[in-house]
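Asker: This is the structure alone, sequence omitted:
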Ligand SMILES: NC(=O)C1=CN([C@@H]2O[C@H](COP(=O)(O)OP(=O)(O)OC[C@H]3O[C@@H](n4cnc5c(N)ncnc54)[C@H](OP(=O)(O)O)[C@@H]3O)[C@@H](O)[C@H]2O)C=CC1
Ligand SMILES: O=C(O)[C@H](O)COP(=O)(O)O
């Protein structure tokens with residue numbers, strides 16, 4: 001008989017049982033917006049991590065033998081349960097990570113859609129037959145049957161900013177592909193992650209197939225990522241953490257979705273109204289706490305004034321305040337995050353940037369900052385603020401814009417605003433990023449598009465089909481015909 005979740009102290013899910021950690025320790029999460037307790041999660045021990053990995057390894061054997069359509073049934077049921085818990089989960093996301101309620105609700109719906117699409121796409125995954133005669137030195141008597149096989153146990157580590165979507169987008173593709181999952185949510189975000197797993201459990205999750213591991217990354221992270229029975233890691237989070245994981249993980253595939261410094265390049269012939277609208281939405285939604293946020297504007301000198309006027313008008317119109325009121329700019333995840341933004345702004349202003357909005361902070365709440373005349377000697381031109389600040393760098397020409405864009409250590413996405421599609425495609429080809437958006441803001445979705453970062457922004461490709469393929473390896477069986 002499974003124990004029910006205790007109100008406000010959330011249990012871990014280990015091999016089919018909701019329970020408390022033997023460490024007796026919990027971690028309390030306070031809301032970033034009002035500092036009120038949201039609840040507490042279990043601080044698991046290394047021994048419990050071992051049990052979670054071992055249990056997943058055992059459960060995976062039976063799961064891998066089920067057909068894609070049987071596995072899809074679990075995912076459909078999971079999506080249904082998530083939608084049934086939509087309000088509860090959205091409210092928890094809102095409180096736990098300070099996201100506006102309607103954005104939190106959209107995250108839950110988007111996640112249910114993601115899971116359903118994953119189930120459908122999984123059913124379309126099939127192997128390949130290759131005839132040996134297609135190669136000069138080969139023989140038509142050889143036939144390769146190429147199948148897709150799961151890796152085994154996938155370790156899914158997610159960040160705070162989309163505690164449900166960026167968790168399910170790792171778990172669902174891994175499951176449909178026949179893997180088991182050990183899921184380690186971000187500590188601030190772990191309650192939302194727990195509710196999402198509760199929905200999966202209600203959907204009929206086989207014991208051990210997904211084990212929920214809570215605890216601080218700094219305490220149990222290395223034990224998890226170097227565990228000999230983990231067969232693949234799918235991580236989203238900061239570049240520093242991701243790079244460290246990729247160095248430690250030995251001889252297993254690693255997918256990394258890391259930070260970004262996405263530029264919006266605005267050419268002379270752009271529609272400034274549309275560009276400003278997209279740039280402000282791209283830069284400030286969820287207070288800029290998105291890897292894909294627009295994090296700098298590179299605008300041609302001749303038209304900079306026209307664009308900046310519109311940016312200023314729109315930034316001043318942003319709703320700032322509480323997540324309960326659906327504000328766009330809400331308190332950042334913690335005080336340290338607000339300090340980082342403040343330090344970047346201060347550095348820029350000291351070095352001569354023009355602040356076009358009032359620089360104001362109340363605890364974690366950083367009011368939106370628009371900085372004009374930013375130059376490349378300022379930290380804000382290069383560092384990821386993960387907060388509500390938008391630097392505008394005025395450039396002489398397209399070549400300078402491309403050079404500054406590419407000098408970044410990151411390479412997630414970029415936007416180009418222009419009426420000339422040819423020009424946009426030419427520039428797109430020059431940019432060292434995973435994706436370029438022409439006349440639109442940088443963003444991950446729709447979630448079935450391939451999503452990847454280059455350089456310090458990541459490794460591997462996500463996007464539903466890509467994520468399923470990334471959670472599998474090829475297995476080749478060669479049939480040698482007419483032998484003897
Ligand atoms: N490219 C992309 O798609 C995305 C990138 N990001 C990036 O993520 C960052 C913000 O997210 P944030 O949650 O603060 O990122 P962090 O890197 O701080 O944390 C991400 C996850 O890693 C865990 N972790 C921490 N240390 C270790 C360790 N040694 N071993 C294993 N896991 C560990 C964290 O656990 P714990 O919380 O317990 O510390 C958390 O679950 C930004 O840089 C942002 O750009 C965010 C979303 C999407
Ligand atoms: O973590 C992130 O920032 C997300 O992957 C971005 O998703 P979005 O572009 O849809 O907000």
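Answerer: Yep, it's here. No experiment lies behind these values; they were computed from the predicted model shown. Ligands and ions are numbered 1, 2, ... in the order given.
Asker: Mind listing what's buried along stretch 243-250?
Answerer: Within stretch 243-250, the residues scored as buried using 16 or more other CB atoms under 10 Å are 245, 246, 249. Every residue, glycine included, has its C-beta placed from N, CA and C.
Asker: With stretch 217-234 instead?
Answerer: For stretch 217-234, by 16+ other CB under 10 Å, it's 217, 220, 221, 223, 224, 225, 227, 230, 231, 232, 233, 234.
Asker: Give me the contact status of it with ligand 2.
Answerer: No: Stretch 217-234 is not in contact with ligand 2 by CB under 6 Å from any ligand atom; minimum separation 12.9 Å.
Asker: Now do that stretch: distance to the chain's middle.
Answerer: Remark: stretch 217-234 is offset 18 Å from the chain centroid, using CA atoms, centre = their mean, to the nearest Å.
Asker: Now that stretch: average pLDDT?
Answerer: What stretch 217-234 shows for mean pLDDT is 98.
Asker: ok, residue 288 - how many residues close by?
Answerer: By other CB atoms under 10 Å, 25 other residues sit near residue 288.
Asker: And the pLDDT at it?
Answerer: The model's pLDDT for residue 288 equals 98.
Asker: The one 5 residues further on too?
Answerer: pLDDT, residue 293: 98.
Asker: quick one on the thing from earlier: from the buried residues of stretch 243-250, which ones fall inside helices?
Answerer: Under the assignment DSSP state H, the buried residues of stretch 243-250 contribute 245, 246 to helices.
Asker: Cross-check the buried residues of stretch 243-250 against ligand 1 and keep the overlap.
Answerer: Within these, those near ligand 1 by CB under 6 Å from any ligand atom are residue 245.
Asker: ok, back up a step: would you turn the buried residues of stretch 217-234 into JSON lines with secondary structure?
Answerer: Formatted as JSON lines, those follow (DSSP: H, G, I helix; E, B strand; the rest coil):
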{"residue": "217", "secondary structure": "helix"}
{"residue": "220", "secondary structure": "helix"}
{"residue": "221", "secondary structure": "helix"}
{"residue": "223", "secondary structure": "helix"}
{"residue": "224", "secondary structure": "helix"}
{"residue": "225", "secondary structure": "helix"}
{"residue": "227", "secondary structure": "coil"}
{"residue": "230", "secondary structure": "coil"}
{"residue": "231", "secondary structure": "coil"}
{"residue": "232", "secondary structure": "strand"}
{"residue": "233", "secondary structure": "strand"}
{"residue": "234", "secondary structure": "strand"}
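Asker: Widest-spaced pair of the residues you listed?
Answerer: Maximum pairwise distance in these, criterion CB to CB, is 19.9 Å, between 217 and 231.
Asker: Could you list the low-pLDDT ranges of this protein?
Answerer: Scanning the chain with the threshold set as pLDDT under 70 gives 1-7, 483-484.
Asker: Show me it divided up by domain.
Answerer: 9-258+459-474, 262-448 (the TED database).
Asker: among those domains, which is nearest residue 482?
Answerer: domain 9-258+459-474 (5.2 Å).
Asker: thought residue 323 was touching residue 330?
Answerer: Yes: if you go by CB atoms under 8 Å, residue 323 and residue 330 touch, sitting 4.8 Å apart.
Asker: How about the longest helix along the chain and ligand 1, touching?
Answerer: Looking across the chain with DSSP H, the single longest helix is helix 101-123. No: judged by CB under 6 Å from any ligand atom, helix 101-123 and ligand 1 are separated, with a smallest distance of 12.4 Å.
Asker: buried stuff in that helix?
Answerer: 101, 103-105, 107-108, 110-119, 121-122.
Asker: I'd assumed residue 153 was in contact with residue 174.
Answerer: No: here residue 174 does not reach residue 153: they are 9.1 Å apart, not a contact under CB under 8 Å.
Asker: what's the distance between residue 165 and ligand 2?
Answerer: 7 Å (CB to the nearest ligand atom, to the nearest Å).
Asker: With residue 132 instead?
Answerer: 42 Å.
Asker: isn't that residue right up against residue 145?
Answerer: No: using CB under 8 Å, residue 132 makes no contact with residue 145, being 11.8 Å away.
Asker: so what's in contact with the two at the same time?
Answerer: Contact criterion CB atoms under 8 Å, 6 or more residues apart in numbering; residues shared by residue 132 and residue 145: residue 478.
Asker: the more surrounded of these two?
Answerer: residue 132 (17 against 13).
Asker: Enumerate every residue touching the more buried one.
Answerer: Counted by CB under 8 Å, 6+ apart, residue 132 has contacts 138, 139, 140, 141, 142, 143, 144, 478.
Asker: for residue 351, same thing?
Answerer: Contacts of residue 351 by CB under 8 Å, 6+ apart are 375, 377, 378.
Asker: Can you tell me which residues in the stretch 1-150 of the chain are near ligand 1?
Answerer: Counting by CB under 6 Å from any ligand atom, no residue of the stretch 1-150 of the chain is near ligand 1.
Asker: Show me which of the contacts of residue 351 are buried.
Answerer: residue 378.
Asker: Show me the strands in the stretch 151-300 of the chain, by range?
Answerer: 153-157, 180-184, 210-212, 232-236, 254-257, 262-266, 294-300 (DSSP state E, counting those that start in this stretch).
Asker: Kindly state which of those is positioned closest to residue 64.
Answerer: Of the strands of the stretch 151-300 of the chain, the one closest to residue 64 (CB to CB) turns out to be strand 180-184, at 8.6 Å.
Asker: Can you tell me what sits against that closest one?
Answerer: 49, 52-53, 56-57, 59-60, 63, 152-158, 167, 170-171, 174-175, 193, 197, 208-215, 217, 220-221, 224, 230.
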